[in-house]
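Colleague: Have a look at this prediction, sequence included:
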Amino acid sequence: MSDRPSEIVKFDNVGLRYGTDPEVLSDLSFTLFPGSFYFLTGASGAGKTSLLKLLYLAQRPSRGSIRMFGKDMITLPRTRLPDFRRRLGVVFQDFRLVEHLSAFDNVALPLRLSGTDEARVIKAVSDMLEWVGLSHRAQAIPATMSGGEQQRVAIARAVIARPQMLIADEPTGNVDPDMALKLLRLFEALNNRVGTTVIVATHDVHLLKKVPDSLIMRLQKGRLSDPTGALRYPPRPSVKAGDRT
Amino acid sequence: MNTPPTPEGQVSDAAPDLKGPASARLLPNTRFGGPIPWVIAILIALVVIAAAGGLSLRNLADNARADLSDAVTVQIIEADPEIRSQQAQLAADTLADNPLVTSVRVVPEAELAELLEPWLGAAAASEDVPIPALIDIELSRRASTEEITQLQDALSSVVEGAKVDAQSEWLRPVYDALAALQYLALALIALVGFATAAAVWLAARSAFSNHRDTVEVIHLLGGTDKQITRIFQRAVLRDAAFGSIIGVVLGLGAVWLLGQQFAALDSGMVGGGGLDWVDWLVIAAIPVGGVLLALITGRITIGFALRSML
C-alpha cells in the first residue's frame, strides 16, 4: 500500500438535497487522486453541477462525509474554507466573471485575494492573458466580450494561482469545436506539466476520447456509476477514456 | 499548448487586507447608496445643533447657578425704622459669626429706595411706606437646604420675623426647565444616532444584496469574510465621511446663525450660554463619532449577511 498516492478528494456516502426536495445526489462514494484527469459525464439534470458545487466548496452535503486535501470538509468551520478554496481553480458554467471589472482585473482576482504584490500580479496576468490569446482585450469588460473570450478569461482566472485542483463545468459548452479542443489541450497541459488534478464536467461524449489518459465519472439521476472502474483504486488501466470510445 | 504561465515564486495562502485602487474597484463605483451620504449629512447636522443647544443650556444654567448659589438675602420686616435698623445690625452681627458666611452687607436704605423708585415713585423714599431692611450675604460655598434652615433658625432666635431667601431657590423652576431641555437634547442625539445606524444598516443590506454575485465570486475564489467586509467598509467610510463633513458644516452654520440671533438680545443671562473650547471639541467629535457609528453598523450588518453564506 506504500505506493498508493494520497487522495485529494474522498466522498463517502454523500447525499445532497435542496430544502425539502428529493435528493439530487445520492450515495456518492468515490476517491480522486492527485495529478489525474477526470471527466464527469451525464445527461442534463443528472447532478453534475451539484456535484461540482460540493467539490468547489459552494455547498455542504445533506449527509455523508467529504474529505479534501486530507481534511474533513463537513466539520471544517466556514472561516477556514477560504484556505481550501484558494487551492482550487473553478471555471463556472456561466463563467461568473465580475461584470464591472476588466478582463485583466478578473484574472488578477485570485492573486490579489492571496496578497500577491502588484508588480507580480501585473506580470503574471499579462503572461496569462497572452497565453489565452487575450492580451489585446485586457481592458475589456465582460459585457463587451464574446462567449469564447469570456470563457478564456474564466479559465485564465481559474489557473492563474496554480491551483492543486481545477474544476470546470461545461467549459466547452459555448465555443466552437476548434476552440473546445484548444481549451481541452490547455487543461491537459496544466495536468501534465503542472500536475494539477483536473475535473471537467461535460455532456459532450466526443470530448472524452480527446484526452487519452483521462478517467470517467458518470452520473445518472444523481447516482454515480463507475463503468470504467476509474474511481476504484487502482483504476483498471484498460478502461481509460481514450480506450473506451 | 504550452504550459500555462504562473506567477514567479509561491502564491501566498494568506488572506491579507486588500489594498490600493485595484481592491477599491472590487465593488462597482456606484458608492454605497445614492441618498445615504445626504441622509447622514442631515442627521449629523441635527446632532450638531442639538449638541450645541444642550451644551449652551448647560453653560447658561451653570453660570447662573454660580452667580446665585452662594448668595443669600435676609429680610427684616419691621414697621418702626429705628427698631428695624437695630434688628438689621443685630442680624448682621449674628451672621458674621457664622463660619459659612464670608461677607455681610446691610443694604443702605437710600440704595433700597433707589431700587424701588421705578415702582413706588417718590413714596419709596418716604417713611410712610415701610420697606424691609435687606442684608446681602455671601457664603463660602453653595449652602444646602439644611444649612439655610440652620441660618434661618439662628436668625429667628435673635430677630423675630427675619426671613432668609436663598437666591438659587428663586430660579429653581428655571433650572429645572433648562435641565429638561438638556435631557431633550440628549434624547434627540440618541434618536438621531439610532436613525443614523438604521440608515447605514438598510444601506449596507441593500448594497450587499446588489453585489451578492460579486461577493459570492470573491468567496469562491478564496476571499475571506474579513476581506469582503473591508471592501464594504471602505464604501461606508467614504459615504459616512462625506456625509459627516457636509453635516457638520451645515450644523455649525445653523449654530452660528442662532448664536448671532441670541447675541443680539444683549441679555446677561443669555450671554452665559456661550460655548467654550471644550464644547467645541465635543462638537468636533460628532462627525468622527458619526463615521465610527456608521463603520461599526456597516461591519456588523455585512458580518451577519456573510454568515448566511457558506
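Modeller: Done, it's in.
Colleague: and stretch A:33-46, how far apart are its ends?
Modeller: In stretch A:33-46, first residue to last residue: 23 Å (CA to CA, to the nearest Å).
Colleague: ok but B:Ser103 is inside a strand, no?
Modeller: Yes - counting by DSSP: H, G, I helix; E, B strand; the rest coil, one finds B:Ser103 located in a strand.
Colleague: For it, give its distance to chain A.
Modeller: 72 Å (CB to the nearest CB, to the nearest Å). The way it works is simple: take the backbone N, C-alpha and C, and place the C-beta from them, glycine included.
Colleague: Just give the nearest non-adjacent residue to that residue, would you?
Modeller: B:Glu138 (4.3 Å; CB to CB, 6 or more residues apart in numbering or on different chains).
Colleague: Which elements pack onto the host helix or strand of that neighbour?
Modeller: B:Glu138 belongs to strand B:133-139 when assigned by DSSP states H and E. Secondary-structure packing of strand B:133-139 (3 or more CB pairs under 8 Å, 6 or more residues apart in numbering or on different chains; DSSP states H and E): strand B:71-76, helix B:81-96, strand B:101-106.
Colleague: at 10 Å what do you get?
Modeller: Counting contacts by 3 or more CB pairs under 10 Å, 6 or more residues apart in numbering or on different chains; DSSP states H and E, strand B:133-139 packs against strand B:71-76, helix B:81-96, strand B:101-106, helix B:109-120, helix B:145-158, strand B:163-166.
Colleague: Would you confirm that A:Ala188 contacts A:Phe39?
Modeller: In this structure residue A:188 is Glu, not Ala. No - contact criterion CB atoms under 10 Å: A:Glu188 and A:Phe39 do not qualify, at 11.8 Å.
Colleague: follow-up on the earlier one: buried stuff in the strand holding B:Glu138?
Modeller: Residues of strand B:133-139 classed as buried under the neighbour-count rule (16 or more other CB atoms under 10 Å in any protein chain shown) are B:Ala133, B:Leu134, B:Ile135, B:Ile137, B:Leu139.
Colleague: can I get the residues you listed in CSV with pLDDT?
Modeller: Shown next, in CSV, are the buried residues of strand B:133-139 (pLDDT from 0 to 100):
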residue, pLDDT
B:Ala133, 86
B:Leu134, 88
B:Ile135, 89
B:Ile137, 87
B:Leu139, 83
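Colleague: Residue 86: neighbouring residues, count only.
Modeller: In the absence of a named chain, chain A is used. If you count neighbours by other CB atoms under 10 Å in any protein chain shown, A:Arg86 ends up with 23.
Colleague: actually it's chain B I care about, not the one you picked
Modeller: A count of neighbours around B:Gln86, defined by other CB under 10 Å, yields 15.
Colleague: Kindly report the same for B:Ala263.
Modeller: So B:Ala263, with other CB under 10 Å, has 13 neighbours.
Colleague: Surely it is in contact with B:Ser56?
Modeller: No - B:Ala263 is not in contact with B:Ser56 according to CB under 10 Å; the separation is 11.7 Å.
Colleague: show me the contacts for the residue nearest the centre of chain A.
Modeller: Per CA atoms, centre = their mean, the C-alpha nearest to the average position across chain A is that of A:Ile167, at 0.4 Å. Contact analysis of A:Ile167 by CB atoms under 10 Å, 6 or more residues apart in numbering or on different chains lists A:38, A:40, A:51-53, A:55-57, A:88-92, A:158, A:197-201.
Colleague: out of those, who's near chain B?
Modeller: A:Lys53, A:Tyr56, A:Leu57, A:Leu88, A:Gly89, A:Val90, A:Phe92, A:Ala158 (CB under 10 Å from any CB of the partner chain).
Colleague: show me what contacts the fourth one?
Modeller: By CB under 10 Å, 6+ apart, the contact list for A:Leu88 reads A:55-57, A:68-69, A:110, A:158, A:161, A:163-167, A:197, A:199, B:220-222.
Colleague: who's it bridged to?
Modeller: In this entry, A:Leu88 is beta-bridged to A:Met165, by DSSP bridges.
Colleague: Model confidence for it, exactly?
Modeller: pLDDT recorded at A:Leu88 is 93.
Colleague: what about the helix or strand where B:Trp280 lies and chain A, any contact?
Modeller: According to DSSP H and E, B:Trp280 maps onto helix B:277-307. Yes - Helix B:277-307 is in contact with chain A by CB under 10 Å from any CB, via B:Leu306, B:Arg307.
Colleague: Of the contacts of A:Leu88, select the buried ones using a PyMOL command.
Modeller: Of the contacts of A:Leu88, the buried ones go into a single PyMOL selection, burial set by 16+ other CB under 10 Å:
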select buried, (chain A and resi 55+56+57+68+69+110+158+161+163+164+165+166+167+197+199) or (chain B and resi 220+221+222)
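Colleague: taking the contacts of A:Leu88 one by one, which sit in helices?
Modeller: Residues of the contacts of A:Leu88 located in helices (DSSP state H): A:Leu55, A:Pro110, A:Ala158, B:Leu220.
Colleague: out of these, who's nearest B:Ala199?
Modeller: When the ones in helices among the contacts of A:Leu88 are compared for distance to B:Ala199 (CB to CB), B:Leu220 wins out at 31.1 Å.
Colleague: thought the closest one was touching A:Phe84?
Modeller: No - under the criterion of CB under 10 Å, B:Leu220 makes no contact with A:Phe84, lying 11.3 Å away.
Colleague: Now list whatever residues contact both of the two.
Modeller: Joint contacts of B:Leu220 and A:Phe84 (CB under 10 Å, 6+ apart) are A:Tyr56, A:Leu57.
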